[in-house]
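Undergrad: Below: sequence and its predicted model.
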Amino acid sequence: MTLHVTNTLTGEKEPFEPNDPDDVLLYYCGLTVSDPAHLGHARGWVHVDVMHRWLAQLGYDVRHVENFTDVNEKIVARAGDPELGGDEAAVAEHYIADVLDDMRGLNLKRAEVYPRVSEHVPKIVDLVETLVEKGYAYEADGSVYFDVTAFDDYGKLSNQRVEEIEEQGDPDELSEKRHPADFALWKADGVSPDAVHEHRKADHPGDDGATPSGQTWPSPWGEGRPGWHIECSAMAMTHLDSTIDIHVGGQDLVFPHHENEIAQSEAATGQQFAKYWLHVRLLQTKAEKMSSSLGNFTTVGDALEAEGANVVRMFLLSTAYHNEAVYSDETLAEARERWERLERGYRTAVGACDSVDARTNEDDRDLRNTVDRARREFTEGMNDDFNTREATTALLELVGAVNRHVDDRETYDYRGLRLAVETFAELGGDVLGFQFRAETDGSAEVAGELVELVLSVRETEREAGNYDRADELRDELEAIGVTVEDTDDGATFRL
RNA sequence: GCCAAGGUGGCAGAGUCCGGCCGAACGCAGCGGCCUGCAGAGCCGCCCACCGCCGGUUCAAAUCCGGCCCUUGGCUCCA
């Protein structure tokens, strides 16, 4: 089966056919940098990362763009906080630096570009002018709004009907709009000082509520700043093309953000904006979504520190992007076990390959068949709308075959084990982005030798029957992070 | 209220598009056995599912059709 994806635009799972058969233009709606990133954001990133990696594996040249929204009222509201470095730009850069750290920590492949809204204001102004000229937008008191009644397809992504959309938003905007569903392309400076006051008061109870200068740029309609939706259109067009292949984002963005992107982009260019719209379902805590505004989140940094990138990735990939995922101590523990079983299986295979004495070229059908089956199931899973759960499951089934093979024989099917190792490295490593550690790295070599030394002492104690002492040594090693396991061939350890 | 996606074992989660191989995968937890000084890892076996409810279509339905109940997301900043 070839790659199929579930397209929100049509509501169907469709064969994936990019406009150019060799290239894929991929845009991901990145985050607004006014808070630290949490696991919900990481879920989106990791799934897009794996989509990118799988598309590359299939032979496509992937051009991947992921934006940072650094113009936003919340950022304006945070400006002036000395801990965050001062003005709006400093606040945004502060969070962007954190996010890039998180992304590195998660072992994400870098996107080609991480554009920022603040760097694309001229392009945005161009787009807004085009929309006004074409009659899709109108100016009102220094702001510019998109006229949804002028765009026939409005609502096609979210299946909303214009007549049914009721606006409960900003009263200032409401009075300026011709239709409640119209949305701002450009906002006049100070258009909603109340909103800024609210944030300021909440964050700084003693604040007198002085309106900050805000981030503003000159435009034909006066000083102001871009509306929330227009940025993505501008950046996607600038860095990719007027038509892109895959547009990915959280499912909370379907309406109004993505709907509005489609309207303004297609109205401006007359071309389809994105061929496939993929939406990552939200990460749930027990009863509700994880989100900055609800304050019920676990930060990416904290999760990485506690569990490491591999476990976090395993957790996020253990549910297909298109389904809701639940975050809890239990689901995280499961991910930890899945990852550790996978890595142990990898190490077992590598170790068996390295044990020269036991190598043969005999053929173990169970092992070789399972390698083939794992590759096939992995591929089928990934081609079926990037089903990463199936993909990880296929690898875990291979772990079982490796363990069985090594468990019940004196000599090993060297070629079969090599195939298993290559499969782990290629599918688990290159595609799913796991980082297997076969052995301790260079800097840990000395530490490793010291551990070996302690283990030899322990072995002596064991031979002398001093098991209490031997167990003490094992416990002390455990206390400093070295897990000891006894096997038929002597003790092994891992850090 | 409107739009969308879901409801599968103790947990988690595939399978639903293209009905039968689903007597329901993989994993976690639990139980028994092998191995073992102990522990861990590993292996073998087992327990736990009338696949939300009610009807219908069919030789055959978790999978198709209709109705209902419930959950989640969106309709306001949000991945």
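TA: Cool, got the structure.
Undergrad: The helix or strand containing A:D486: which residues count as buried?
TA: Using DSSP states H and E, A:D486 sits in strand A:483-487. Neighbour-count burial for strand A:483-487, counted by 16 or more other CB atoms under 10 Å, picks out A:V484. Bear in mind the C-beta positions are built from the backbone N, C-alpha and C, glycine included.
Undergrad: Show me what that strand is in contact with.
TA: Under the contact criterion CB atoms under 8 Å, 6 or more residues apart in numbering, strand A:483-487 has outside partners A:L455, A:R458, A:R474, A:L477, A:E478, A:A491, A:T492, A:F493, A:R494, A:L495.
Undergrad: One more: stretch A:138-156?
TA: Here stretch A:138-156 has contacts from A:9, A:128, A:131-132, A:135-137, A:161-162, A:165, A:173, A:176-179, A:181-189, A:191, A:221-224, A:227, A:259-260, A:262-264, A:266-267, using CB under 8 Å, 6+ apart.
Undergrad: Got a quick PyMOL command for the buried subset of those?
TA: The buried residues among the contacts of stretch A:138-156 can be selected in PyMOL (16+ other CB under 10 Å) with this line:
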select buried, chain A and resi 9+128+131+132+136+137+165+173+176+177+179+181+182+183+184+185+186+187+188+189+191+221+224+227+259+260+262+263+264+266+267
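Undergrad: Which ones, among the contacts of stretch A:138-156, also lie beside RNA strand B?
TA: A:R161, A:I165 (CB under 7 Å from any atom of the strand).
Undergrad: one step back: ok, the contacts of strand A:483-487 vs A:V99, which is closest?
TA: Using CB to CB, A:L495 comes nearest to A:V99 of the contacts of strand A:483-487, at 29.0 Å.
Undergrad: Which pLDDT value goes with that closest one?
TA: Per-residue pLDDT puts A:L495 at 69.
Undergrad: again with A:E337
TA: pLDDT, A:E337: 93.
Undergrad: number of nearby residues for the closest residue to RNA strand B within the stretch 51-200 of chain A?
TA: Scanning the stretch 51-200 of chain A for the residue nearest RNA strand B gives A:N159, at 3.5 Å (criterion: CB to the nearest atom of the strand). Other residues near A:N159 come to 11 when the count uses other CB atoms under 10 Å.
Undergrad: list the contacts for it?
TA: Neighbours of A:N159 in contact, by CB under 8 Å, 6+ apart: none.
Undergrad: Please report the distance of it from A:D49.
TA: For A:N159, the distance to A:D49 equals 29 Å [CB to CB, to the nearest Å].
Undergrad: What residues does the residue of the stretch 201-350 of chain A found nearest RNA strand B make contact with?
TA: Residue nearest to RNA strand B within the stretch 201-350 of chain A: A:G250 (2.1 Å; CB to the nearest atom of the strand). By CB under 8 Å, 6+ apart, the contact set of A:G250 is A:C29, A:G40, A:G44, A:H279, A:V280, A:L282.
Undergrad: near RNA strand B, from these?
TA: Answer for the contacts of A:G250 near RNA strand B (CB under 7 Å from any atom of the strand): A:C29, A:G40, A:G44, A:V280, A:L282.
Undergrad: Name the next helix or strand downstream of whichever strand or helix holds A:R404, please.
TA: Per DSSP H and E, A:R404 falls inside helix A:388-407. Sequence order places strand A:412-413 as the next helix or strand after helix A:388-407, per DSSP H and E.
Undergrad: which residues are in contact with that next one?
TA: Residues contacting strand A:412-413 (CB under 8 Å, 6+ apart): A:352-353, A:355, A:358-364, A:367-368, A:405-406.
Undergrad: Mind checking which of the residues you listed land in helices?
TA: A:A352, A:C353, A:L367, A:R368, A:H405, A:V406 (DSSP state H).
Undergrad: With respect to RNA strand B, which of those residues is nearest?
TA: Distances from RNA strand B to the ones in helices among the contacts of strand A:412-413, taken as CB to the nearest atom of the strand, are shortest for A:V406 (6.9 Å).
Undergrad: Kindly state the pLDDT recorded for that closest one?
TA: 90.
Undergrad: hmm, the host helix or strand of A:E14 touching RNA strand B?
TA: Under the criterion of DSSP H and E, A:E14 resides in strand A:12-15. Yes. Residues of strand A:12-15 contacting RNA strand B under CB under 7 Å from any atom of the strand: A:E12, A:K13.
Undergrad: Could you pull up the mean pLDDT of that strand?
TA: On average, strand A:12-15 scores 88.
Undergrad: so what strands line up beside it?
TA: Paired neighbours of strand A:12-15 in the sheet (DSSP bridges): strand A:4-7 (antiparallel).
Undergrad: For the partner strand, list the C-alpha coordinates in CSV.
TA: What follows is strand A:4-7, C-alpha atoms only, in CSV (Å, rounded to 0.1, in the frame of the first residue of the first chain):
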residue,chain,number,x,y,z
HIS,A,4,-2.5,7.4,2.7
VAL,A,5,-3.4,10.3,4.9
THR,A,6,-6.5,11.5,6.6
ASN,A,7,-7.4,14.9,5.1
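Undergrad: Distance from it to the middle of the chain?
TA: Counting by CA atoms, centre = their mean, to the nearest Å, strand A:4-7 is centred 18 Å from the centre of its parent chain.
Undergrad: So what touches stretch A:48-55?
TA: The contact list for stretch A:48-55 (CB under 8 Å, 6+ apart) reads A:3, A:24, A:26, A:28, A:62, A:64, A:66, A:106, A:108-109, A:111, A:246, A:248, A:278, A:280, A:317, A:321, A:382, A:386, A:388, A:430-433.
Undergrad: now do 6 Å
TA: A:V24, A:Y28, A:V62, A:H64, A:L108, A:K109, A:V248, A:M382, A:F386, A:T388, A:V431 (CB atoms under 6 Å, 6 or more residues apart in numbering).
Undergrad: Got a quick PyMOL command for the buried subset of those residues?
TA: Here is the PyMOL command that picks out the buried ones among the contacts of stretch A:48-55, judged by 16+ other CB under 10 Å:
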select buried, chain A and resi 24+28+62+64+108+248+382+386+388+431
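Undergrad: related to what we said a few turns ago, and the contacts of strand A:483-487 as TSV, adding secondary structure?
TA: What follows is the contacts of strand A:483-487, written out as TSV (DSSP: H, G, I helix; E, B strand; the rest coil):
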residue	secondary structure
A:L455	helix
A:R458	helix
A:R474	helix
A:L477	helix
A:E478	helix
A:A491	strand
A:T492	strand
A:F493	strand
A:R494	strand
A:L495	coil
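Undergrad: If you rank those residues by neighbours, which is first?
TA: A:R458 (23 neighbours).
Undergrad: List the contacts of it.
TA: A:A470, A:L473.
Undergrad: can you check A:A358 too?
TA: A:A358 neighbours (CB under 6 Å, 6+ apart): A:T411, A:Y412.
Undergrad: next structured bit after the lowest-mean-pLDDT helix or strand in chain A?
TA: Lowest on mean pLDDT, DSSP states H and E among the helices and strands of chain A sits helix A:193-203, with a mean of 42. Counting by DSSP H and E, the next helix or strand C-terminal to helix A:193-203 is strand A:224-226.
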